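Enquirer: One predicted model, sequence on top.
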Amino acid sequence: MENLTQQQASRFLDLATMGVKQTELESFLLLNDRGRWIDEQLTQSHTLHLEQTRYQAHSRGLAQSNQECRVGAWFDIALWGQAQLRQRVTFALSQIFVVSEKDGNLIQDAEALAHYYDQLSAGAFSSFKDLLRDITLSPAMGQYLTMNGNKPQSITGQAPDQNYAREVMQLFTIGLYQLEIDGSLVTDATGKPIETYQDDDVEALARVFTGWDIDNNNTLIPMIADDSLHDMEEKTLLGETFPAGQTTRQDLEQFLNQITSHPNVAPFISNLLIKRLTTSNPTKDYVRRVATVFYNSDGNLAEVIRAIFTDQELLKSPNNNMAKVREPILAMTYLYRSMEAYPGGNNDIVYDPMRYKETFNQYPLGANSVFNFYQPSYVPPGELSHLGLTAPELEIIDWSQLINLGNVFYRSLLDYGQNRGNSGNKKELYIAPTDLEQLAESGQGEQLVSAINRLVLNQQGSPEVLTRIQSIYDGHNNKFYAVPKMLFIAFISPDFMVQE
């Protein structure tokens, strides 16, 4: 038992799930232990994205899955799936180990992307080495970063493709510069950061990655090795010799052992996970504690995730080192989960993923490049820049996006909430906040404002926002019609859009 306050419990679930449901919050308050909740989540069964993508296609009467089915399946699982921690961590991993449908081959292969997402989901609580192996041999990754079919210079007459070799070091494991265990830069005698690898290392690693290809065009199983197409000459990578004569698989396993034991991996990956899951500006002590767990557990991601979510930082009062801007798509999943959304027309899938491409500036496996939707180090101009604070999500949040998101919020709360009895469109999601409506109609305005503060704002609504919500209630003669407008103000407020 941790003696968590309701505010602390709600804040924890806000960070560790795709959105807080009050029934789940009540259960968690009875448990009152973050570690035990995580233990339960680690073993919770989960729906496969590939399976749900195919179900989406079947429900739509399609002979083949498309990208709408895949993204619809993602929403199905995010909104109604039980393994919430796994889904939240998988979404974070998908923004580190980026693969995107914005690829000439993958845009036509929704099932390959759904399968890749399942690989991230399966590896979310595994060893980092096993996850990296699965990512490396994924046909989706093989196509996206052009490693599949990579052949040695002795066969093609030109150096092997370096795309995956460069990104697996720069983005997926060790980063550009040497790091201390707390994530701070190691510098030389002149104060300059020290690079982790050189061009020669990229060239050598590209040779290590020769000989792998997709098996008979099957993008749902790992790539296979062909030693006849592998560079078996001696290689030197990051100061370590790869002996001549090693097979395709042996070179890969030596690289995995080498890179996952590199001192940069623990702080680099720990920092990225923290920034995606809990705060945009973690303290050095927070990074050090999580990275130490990463290092001591040999990259056991279940232990790393436990360290991130049970750290003492999460129980502190809101501050600059424990806050992050809510990602647009996660703002939407929060609204639908907290409002217990359901499909119309006796449907059981998310048919129209809320115009995701236009509304959110992000969607699962839909980044414009391998660098994700935004940079983890992005610093917007203005006060945050003066304070030296990053706010990665603000790189994709602009006025157009805010207007689009606000329109979807309002339509959801009014047309498919307040006016839900006017239609049963199977392509839409409906909400029925009857408890809030009953408080409104019975004249319990203060209790209604308090309930919205608890439901939407983790009981942290500012006086300005709560006063505005109260004034909407006070200004309506028919209090029933105040509810969607009160909710709308809560959901578009900075109090909601910044998780702290």
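Expert: The structure has been received and is ready for your questions.
Enquirer: Tell me which residues of the strand or helix carrying S400 come out buried.
Expert: Using DSSP states H and E, S400 falls within helix 399-413. Across helix 399-413, burial judged by 16 or more other C-beta atoms under 10 Å covers 401, 404-405, 408-410, 412-413. In short, each C-beta sits where N, CA and C put it, glycine included.
Enquirer: Just send those residues back as a markdown table, with distance to R288 too.
Expert: Below are the buried residues of helix 399-413 laid out as a markdown table (distance: C-beta to C-beta, whole Å):
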| residue | distance to R288 |
| --- | --- |
| Q401 | 35 |
| N404 | 40 |
| L405 | 36 |
| V408 | 40 |
| F409 | 39 |
| Y410 | 44 |
| S412 | 42 |
| L413 | 43 |
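Enquirer: Now do the strands in this structure.
Expert: 212-213, 224-225, 235-237, 240-242, 324-325, 342-343, 429-430, 498-499 (DSSP state E).
Enquirer: give me the low-pLDDT residue ranges for this protein?
Expert: Within the chain, the stretches with pLDDT under 70 are 354.
Enquirer: how about a cut-off of 80?
Expert: In the predicted model of the chain, residues 353-358 satisfy pLDDT under 80.
Enquirer: just checking, E441 touches Y481?
Expert: No: the pair E441 / Y481 is not scored as a contact, 10.3 Å apart, by C-beta atoms under 8 Å.
Enquirer: what residues are shared contacts of those two?
Expert: Common neighbours of E441 and Y481 (criterion: C-beta atoms under 8 Å, 6 or more residues apart in numbering): none identified.
Enquirer: burial of the closest residue to E234 other than its chain neighbours, as a residue count?
Expert: Counting by C-beta to C-beta, 6 or more residues apart in numbering, the nearest residue to E234 once its immediate chain neighbours are dropped is A244, at 4.2 Å. Close neighbours of A244, defined as other C-beta atoms under 10 Å, add up to 10.
Enquirer: which residues sit in contact with the residue lying closest to T279 once chain neighbours are set aside?
Expert: Nearest residue to T279 in three dimensions, chain neighbours excluded: M322, at 5.0 Å (C-beta to C-beta, 6+ apart). The contact partners of M322, by C-beta under 8 Å, 6+ apart, come to 278-279, 313-314, 316, 500.
Enquirer: same deal with I397?
Expert: Neighbours of I397 in contact, by C-beta under 8 Å, 6+ apart: 325, 328, 361.
Enquirer: my guess is the first one contacts A391, does it?
Expert: Yes: assessed by C-beta under 8 Å, V325 is found in contact with A391 at 5.5 Å.
Enquirer: list residues touching both of these two?
Expert: Joint contacts of V325 and A391 (C-beta under 8 Å, 6+ apart) are S280.
Enquirer: What's the local residue count around Q44?
Expert: Q44: 13 neighbours (other C-beta under 10 Å).
Enquirer: for V186, same thing?
Expert: Neighbours around V186, by other C-beta under 10 Å: 13.
Enquirer: who's in contact with it?
Expert: 177-180, 193-194.
Enquirer: Just among these, which is most surrounded?
Expert: L179 leads the contacts of V186 on contacts (other C-beta under 10 Å) with 25 neighbours.
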